[in-house]
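Visitor: below are the sequence and a predicted model; questions follow.
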Number of protein chains: 4
Amino acid sequence: MSIKTIALVAKKGKGEAVELARAIRARYPGCMFLADAHLSELLGEAGGPSNEEVGRRAELVVVLGGDGTLIHAARMLAGREVPILGVNLGSLGFLTEIPQEDLFPRLDDVLHGRAVLDPRMKLRCRLLRDGKQVMEDHVLNDVVINKGALARIADHETFVDSKLVTTFKSDGVIVSTPTGSTAYALSAGGPILYPRVDAMVLAPICPHALTQRPLVVPADRTVSIILRNSPADVFLTIDGQAGLPLQDGDRVEVSRSPQRVLLVRNPRMDYFSILRSKLHWGER
Amino acid sequence: MSIKTIALVAKKGKGEAVELARAIRARYPGCMFLADAHLSELLGEAGGPSNEEVGRRAELVVVLGGDGTLIHAARMLAGREVPILGVNLGSLGFLTEIPQEDLFPRLDDVLHGRAVLDPRMKLRCRLLRDGKQVMEDHVLNDVVINKGALARIADHETFVDSKLVTTFKSDGVIVSTPTGSTAYALSAGGPILYPRVDAMVLAPICPHALTQRPLVVPADRTVSIILRNSPADVFLTIDGQAGLPLQDGDRVEVSRSPQRVLLVRNPRMDYFSILRSKLHWGER
Amino acid sequence: MSIKTIALVAKKGKGEAVELARAIRARYPGCMFLADAHLSELLGEAGGPSNEEVGRRAELVVVLGGDGTLIHAARMLAGREVPILGVNLGSLGFLTEIPQEDLFPRLDDVLHGRAVLDPRMKLRCRLLRDGKQVMEDHVLNDVVINKGALARIADHETFVDSKLVTTFKSDGVIVSTPTGSTAYALSAGGPILYPRVDAMVLAPICPHALTQRPLVVPADRTVSIILRNSPADVFLTIDGQAGLPLQDGDRVEVSRSPQRVLLVRNPRMDYFSILRSKLHWGER
Amino acid sequence: MSIKTIALVAKKGKGEAVELARAIRARYPGCMFLADAHLSELLGEAGGPSNEEVGRRAELVVVLGGDGTLIHAARMLAGREVPILGVNLGSLGFLTEIPQEDLFPRLDDVLHGRAVLDPRMKLRCRLLRDGKQVMEDHVLNDVVINKGALARIADHETFVDSKLVTTFKSDGVIVSTPTGSTAYALSAGGPILYPRVDAMVLAPICPHALTQRPLVVPADRTVSIILRNSPADVFLTIDGQAGLPLQDGDRVEVSRSPQRVLLVRNPRMDYFSILRSKLHWGER
C-alpha cells in the first residue's frame, strides 16, 4: 500500500508546528494533507475536515508536539492501525522519539515502506452501571479512577476475572498498559514494563495499607473495579484526556484491546536509550 | 486546678457512644458535662451549647470514636491546651489509644491529677492571596494542597524560609506534623516521625520527578508553597476536615503553631507499641 | 499414571514433621516412601537414599515445612515435573498453602488424579566467565547478585538481549520469576507479578540513582548482567540457597527455563487470598 | 585566631590534585602546609607527618576530591572542630560544594575570617559486647549494620532509649545523620533531612515487612540495635570506611555526638540548590 493521505496533528500553542507543517507539505507534493482542527486554525485554514474525518481518512499521522499530543492523535484514529510518527518539538518524549532534524529521513522511510513500526498494546475500558454498559473506550496509557480533592477515600473492590484481589482504600486506582507504565503509574510507585510484556499494571494511588503494592496482571485477564462507599466526587479518566463522574456501585472493566497503536521508531534510539535519557540513568 | 467541666464528643453514627456517655455522667456526679452537637442529638437533648461554647468551656475533652473524631474535638478547642482523652470504640487508633475498658481508670487519673499528658506539636497554616492573609488555621495532622480528579498537575513552587526548595510538579503537596506523619503523608511515601521530633514533613503526592523525595524540615522554619500554572481545581485541606479552593498565585505558609494538643496517655502503651499494632510489625 | 513413590521432605528442626511423616506412611500402605536426608535422620532411619536419588525417583513430593523447604525440595527434583504438595507446619506460606488439617484430603486428591496443579515458571541462570559457561542452574524464586557487607558498590552493566538497559550502581540486582516477586524482590521495591504473567522482574537493590526502578521484562528475552569495577566480594545466589563468588567481568544470563514447578493447589485458597492473608490486606 | 597550618587532603588517584596542591602552597607563602599520606606520595615528598599528626595540627583542611575524601578528612581530625573546605575535582558533591575556580576566593575568605561555616551534627556510635564497650566512633554520615552476601537475614531488635521499636528482619539497618540522609539512607528509601533538623534517620535495608518504614528520631535519644539470631556474617560499618564483624547479642548504640564538622560554605550555593543539582530536580 502506498501512503497518500497524511494527517498532521500539532500541540496546542506550539507556533513552530506551523512552519514545520508547511515544510512537510512542500516536500511531499504528491500527498494529500489533513490538518487537525487546532493546526488548521494555526495555519489560518478554516473549513477543513473535522478531527473525526481526519482520523477516518489518515493513512499516516505525523504528530508535532509531545506525548500528550500523540495520545490525542491516537484517539483521533479511533482504533485504526495507522502508523504514527511522533516528532518532539521540545524535549524527547517517551512516545515522540523523533527529533526535528530526523523528521524528513523518517518520513521518507515510512513513505518508502522502510520504517520500523513498534506496535503498542491498548486496553479496553468499559463502564457498567446497574448491569448496563454506559461507556466503552480504548487507551494507550492508562485508565484512572480517582477522587476529588475534598472527597474522603473510596473503596475500590478489585477483581481479576472473578477472583477478588482486595479492596483498595486509596485516593484511586490506575490500570496501565506497558506504554503507560512510565507515565502516571510510575509516579504512583509502579514498575516499568518493557513494551512487549503482555500484561497490565494495577496500581493503587496512595493506598491506606502500605503492603498494597502495584500488581502486574496478564493482559488476557479482565481487571474489574467496583466502587463502594463512594463519596460523590470520584471520576474515571481515560488516557488523561476524558473524565467521567462515577457513581457508587459502578463497575469499571479493563482488559486487552484488539486495537494497537503503531509507532514509527527512531532507528537511532531504542526503548532503553529513551528511558536512560528521560530518567537520567547513569546519573544519581 | 481541679477539673469540673468535661466535654463529651462522639463519632457520627456510633450509637454505643450514647450508653458510654450516660455511664460517664453517672460516675462523676460532681462534674458538669457538655455534649457536642452530634452527641446531644444522639442523647435526645436539644438546646445544648454550641460546639464553639463546648470548646470554650471544656476543662477536659473525652472523645468517644476514632482518630477523626479526636481531630474534630481538637479543632473545637480552638487552641486551648486542655487534656483530650481518646477512647477508641472500634479498633486502636494512633491518637485514640484508650480502650473502652480502661476509660474509667484513665478518667480517674485525669481527675486526680495523675494522668500522663503527651503534648503534640501543631502547625500554623496561613493562606496569602495578593499579599493579604485570607485564612489562618492550626492543624494537628496535616496541611494538604491537592488537585481535583480531572485537573492536570499543578506547579508547587516551594520554599523553606526564603530559599527555593524546588517546584514540585505533582498531584499535590502535604505538610505534616510528626503526629500526621502516620496519616496521609505515610501513604504518600513519607517517613514516620517520632512525636518529639521538632520538625515537619514536606511530601509531594505522586511527583512527576522520581527523585523528589519527602523532606524533613525544622519546625522553626516556614515552608511556603506558591501555586503556579494552576488549573481551576486545586484545594487546600486542613486536617482532612475543611477544604478551600485555591487560586493561581496563592501562597500557603506553614510553620510551628504556638498551640499544642495534650493527649492523655495510656500507660500500658507507648508510641512504638501503637505503631507495632497499627502497622502489623513483627508480621510481614 | 498412578503415583507409587512419594518423597517426604521436612524443614530442619521441625520435630512435628516426624509424626506427620509417620501418619502419611501409615495411611497409604500401597505407596513407597522416600525421606530426604534430614527427615531420615529425624526418623532415626539411617542408610536411606541420597537426596539426589529421592529427587530422581519421586513421583510426588510432600513438603512439611515452609516456603524455603519447598524451594529446597524443588531443587532436589532437578527439573523433573513432579507435583509438589506443600504443607505449612507454621503459618501460611506463599508456596506452602495446604494447612495441616487439609493434608489428607489433598493427598487423596493427588493420588486419585483429582488435584489441581499450578505450573510455575522457572528461570535458567548461566554464569559465563571469559566466554565459557562455568555454571548453569534453574530457579523458582530468584537470581541475586549482591555484594558483601564491607564491599563498595559494584557496577552492574545490564542488557536485555543485546540492548543495554543501564549500569546499575547498587548493592546488587535481583532477577525474579513471578513466584519470586513476593519474596526478596518485593522487599527491594518490586511489583507483585500474578503467576501467569510471562515475564521476569529486574530489580536493583538500593540503587544509587533513585530513578532506577524495577523493570518487568518478557520471559522470552535474556537478561544479562556483567560485573564491572567489581570489588572482590560479590556473590551470585540461586534461590537463596547456593552462593558463588563472582569475578570482575563475569556475565550472568537469565532467561525462561524449560522446567516448571507443579504446585498442588489448595482449592479453598486462590493466589489473591494468599496475598491478602500474607500481606494483611484489608488492614493498614 | 589566625590560621597558619593548613592540611591538604587528596582523593586517591586524582593526579590533578597535585597541581592544585602546589598552586595553593605557592599562593599562601606565610602558611605551613601538611599533606596527608596519600598526597605526600603523589607529591613525591616522603617522610612527612602521619595522618594522625596532620589531623592533630591542622587549623584548616582543604579537601581536593569528592564526598568520600571529605569524610576521610573529617575522620583524620578525630573530632577537632576545624573548618573543612571541600573542593570537588569532578562533579558537585553534597559536601564538596566548592568548584575548582572558586577555591582561592573561598580560601581567602577563610584566612580573612570571612567564611560562612556550616556546622554539621555527628553521631556517636558505641559497640557493646557482653556489657562491655569494645568500640566507640563518631560519624558524619551513617552507621550501617548489614549482612554478608550469602548470609540469611538477621533480627535487629531496635530500641529508642529503653522502648522497643520493633525487630527489623532485614538485610540491615542504617542510622544516619541529616548529612547522611542523602547518602545510603536515601537509596534505602529514607527521607531527606534538612541539615539543621536535630534528629537521626533509622532505616531498615530491604525489610521483610513492607510496613517497616524509615523513622526519624530526636538526636537526644539513643537508638540501640541488638543483633539476634544472627548469622556469622554481619558487619558494622562506620561512615562507609571502617568495618567490624559483629556477633550475636552485640549491641550498637547511636546518639548525638558532642563533635561537629565545620563545612566552609559556597556563598553561591545553598543546601537546596545542591539538592536540585544532584537530584536533577526540575527534570523528571
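Guide: That came in fine, so what should we check first?
Visitor: confidence score at the residue in the stretch 1-150 of chain A positioned nearest to chain D?
Guide: Residue of the stretch 1-150 of chain A nearest chain D, by C-beta to the nearest C-beta: residue A:91 (8.9 Å). Any C-beta I mention is one placed from the backbone N, CA and C, and that applies to glycine too. For residue A:91, the pLDDT comes out at 87.
Visitor: you'd agree it is in a helix?
Guide: No - under DSSP: H, G, I helix; E, B strand; the rest coil, residue A:91 falls outside any helix and is assigned coil.
Visitor: the spatially closest residue to residue A:228 that is not a sequence neighbour sits in which helix or strand?
Guide: Spatially, and ignoring its direct neighbours in sequence, residue A:228 is nearest to residue A:155 (3.9 Å; C-beta to C-beta, 6 or more residues apart in numbering or on different chains). Element membership of residue A:155 [criterion: DSSP states H and E] is strand A:154-160.
Visitor: C-alpha coordinates for that strand, PDB please?
Guide: Extracted as PDB, the C-alpha positions of strand A:154-160 are listed here (Å, rounded to 0.1, in the frame of the first residue of the first chain):
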ATOM      1  CA  ALA A 154     -13.300   5.400  48.400                       C
ATOM      2  CA  ASP A 155     -13.300   1.600  48.500                       C
ATOM      3  CA  HIS A 156     -12.200   0.100  45.200                       C
ATOM      4  CA  GLU A 157     -13.300  -3.600  45.300                       C
ATOM      5  CA  THR A 158     -10.900  -5.100  42.700                       C
ATOM      6  CA  PHE A 159     -11.200  -8.400  40.800                       C
ATOM      7  CA  VAL A 160      -9.000 -10.300  38.300                       C
END
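Visitor: identify each buried residue in it, please.
Guide: A:154, A:156, A:157, A:158, A:159, A:160 (16 or more other C-beta atoms under 10 Å in any protein chain shown).
Visitor: let me know the closest of those to residue B:73.
Guide: residue A:154 (25.5 Å; C-beta to C-beta).
Visitor: distance of that closest one relative to chain D?
Guide: Noted for residue A:154: a distance of 22 Å to chain D, by C-beta to the nearest C-beta, to the nearest Å.
Visitor: quick check: which ranges of the stretch 151-284 of chain A have low pLDDT?
Guide: Applying pLDDT under 70 to the stretch 151-284 of chain A flags residues A:283-284.
Visitor: residues from it in reach of chain B?
Guide: Contact residues, the stretch 151-284 of chain A versus chain B (C-beta under 8 Å from any C-beta of the partner chain): A:152, A:170-172, A:184, A:186-189, A:205-208, A:210-211, A:233-235, A:237, A:240, A:243, A:279, A:284.
Visitor: so which of these are in strands?
Guide: A:170, A:172, A:205, A:234, A:235, A:237, A:243 (DSSP state E).
Visitor: I'd say the fourth one and residue A:147 touch.
Guide: Yes - under the contact definition of C-beta atoms under 8 Å, residue A:234 touches residue A:147, with a separation of 5.0 Å.
Visitor: hang on, the earlier thing: output the ones in strands among the residues of the stretch 151-284 of chain A next to chain B as CSV; include the columns neighbour count and distance to residue A:216.
Guide: Shown next, in CSV, are those (neighbours: other C-beta atoms under 10 Å in any protein chain shown; distance: C-beta to C-beta, whole Å):
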residue, neighbour count, distance to residue A:216
A:170, 24, 18
A:172, 27, 18
A:205, 26, 17
A:234, 24, 25
A:235, 19, 25
A:237, 20, 21
A:243, 16, 26
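Visitor: is stretch A:214-222 up against chain C anywhere?
Guide: Yes - counting by C-beta under 8 Å from any C-beta, chain C is contacted by stretch A:214-222 at A:214, A:215, A:216, A:217, A:218, A:221.
Visitor: quick one: that stretch to chain centroid distance?
Guide: 18 Å (C-alpha atoms, centre = their mean, to the nearest Å).
Visitor: what residues of that stretch count as buried?
Guide: Within stretch A:214-222, judged by 16+ other C-beta under 10 Å, the buried ones are A:214, A:215, A:216, A:217, A:218, A:219, A:221, A:222.
Visitor: which residues does the last one contact?
Guide: With contacts taken as C-beta atoms under 8 Å, 6 or more residues apart in numbering or on different chains, residue A:222 has the following neighbours: A:159, A:160, A:161, A:253, A:254, A:255.
Visitor: is stretch A:91-111 positioned near chain B?
Guide: No - counting by C-beta under 8 Å from any C-beta, chain B has no neighbours in stretch A:91-111; the shortest distance is 12.5 Å.
Visitor: gap between the two ends of that stretch?
Guide: With C-alpha to C-alpha, to the nearest Å as the measure, stretch A:91-111 spans 25 Å from end to end.
Visitor: report the buried residues of that stretch.
Guide: Counting neighbours by 16+ other C-beta under 10 Å, one finds that the buried residues in stretch A:91-111 are A:92-99, A:102-103, A:106-107, A:109-111.
Visitor: out of those, list just those in helices.
Guide: A:103, A:106, A:107, A:109, A:110, A:111 (DSSP state H).
Visitor: who does the residue nearest to residue A:228 bridge with?
Guide: residue A:169, residue A:228 (DSSP bridges).
Visitor: cool, residue A:34 as well?
Guide: Here residue A:34, judged by DSSP bridges, has bridge partners residue A:7.
Visitor: still on that earlier bit, could you export the buried residues of stretch A:214-222 as CSV, including distance to residue B:124 and secondary structure?
Guide: Below are these laid out as CSV (distance: C-beta to C-beta, whole Å; DSSP: H, G, I helix; E, B strand; the rest coil):
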residue, distance to residue B:124, secondary structure
A:214, 37, coil
A:215, 41, strand
A:216, 44, strand
A:217, 45, strand
A:218, 51, strand
A:219, 50, coil
A:221, 50, coil
A:222, 49, coil
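Visitor: least confident of the buried residues of stretch A:91-111?
Guide: Among the buried residues of stretch A:91-111, residue A:92 carries the lowest pLDDT, at 90.
Visitor: count the residues that sit near the nearest residue to that one once chain neighbours are set aside.
Guide: Nearest residue to residue A:92 in three dimensions, chain neighbours excluded: residue A:277, at 5.6 Å (C-beta to C-beta, 6+ apart). Neighbours of residue A:277 under the rule other C-beta atoms under 10 Å in any protein chain shown: 15.
Visitor: how about the helices of chain A, start to end?
Guide: For chain A, the helices defined by DSSP H occupy A:16-27, A:37-43, A:51-57, A:67-76, A:103-111, A:184-187, A:271-278.
Visitor: check the gap between residue A:167 and chain D for me.
Guide: On the measure of C-beta to the nearest C-beta, residue A:167 and chain D end up 18 Å apart.
Visitor: what angle sits between the strand holding residue A:155 and helix C:271-278?
Guide: 130 degrees (axes from the mean of the first three to the mean of the last three C-alpha atoms, to 10 degrees).
Visitor: which residues sit against strand A:154-160?
Guide: Taking C-beta under 8 Å, 6+ apart as the rule, strand A:154-160 contacts A:145, A:147, A:164-170, A:172-173, A:202, A:204, A:217, A:221-231, A:234, C:194, C:272.
Visitor: go again using 6 Å as the cut-off
Guide: For strand A:154-160, contacts defined as C-beta atoms under 6 Å, 6 or more residues apart in numbering or on different chains pick out A:147, A:165, A:167-169, A:173, A:217, A:221, A:223-230, A:234.
Visitor: among those, which ones are buried?
Guide: Buried among these by 16+ other C-beta under 10 Å: A:147, A:165, A:167-169, A:173, A:217, A:221, A:223-227, A:230, A:234.
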